[in-house]
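A.B. asks: Provided below are the primary sequence and the corresponding predicted coordinates.
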Amino acid sequence: MADFSEVRDQNEVVRGIWLKNPHEANNIYFMTMLSAKIASEGAKFPEEYQAAVLAKQYRIVPNTYNASGGVFVMFGDALAPGEKGPASQGT
């Protein structure tokens, strides 16, 4: 598939996804398939986040946390790694 990594909280719940290719974050078909893959592999990926993917209700945050590049796709009010302050809603 693609270069990606799950962003999990202290309870191992998936709160976001890191993508190497930033363009994939805007591809609804890719994001739908990726979220289905993550959910089918037994990850704690809340149903409301799966629905958010279909509605494209997630934030795309450039990765400034490390030198890996790419973007973080974040759900709800979760902050991306290295992100400061309250998370805004929308894309």
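C.D. replies: Received, thanks.

A.B. asks: all strands of the protein, in order?
C.D. replies: Per DSSP state E, the chain carries strands over the ranges 4-8, 14-19, 59-62, 71-74.

A.B. asks: and residue 55, how far is that from residue 82?
C.D. replies: Remark: distance between residue 55 and residue 82 (Cβ to Cβ, to the nearest Å) = 26 Å. Where you see a C-beta, it was placed from the backbone N, CA and C, and this is true even at glycine.

A.B. asks: comparing the two, which residue is more hemmed in?
C.D. replies: residue 82 (12 against 8; other Cβ atoms under 10 Å).

A.B. asks: quick one: list the elements packing against the helix or strand bottoming out on mean pLDDT in the chain.
C.D. replies: Across the helices and strands of the chain, the lowest-confidence element by mean pLDDT, DSSP states H and E is helix 47-55, at a mean of 91. Applying 3 or more Cβ pairs under 8 Å, 6 or more residues apart in numbering; DSSP states H and E, one finds that helix 47-55 makes contact with helix 28-40.

A.B. asks: which residues are contacting the helix it packs on?
C.D. replies: Judged by Cβ atoms under 8 Å, 6 or more residues apart in numbering, the contacts made with helix 28-40 from elsewhere in the structure are 1-2, 4, 6, 14, 17, 24-25, 45, 49-50, 53-54, 56, 73.
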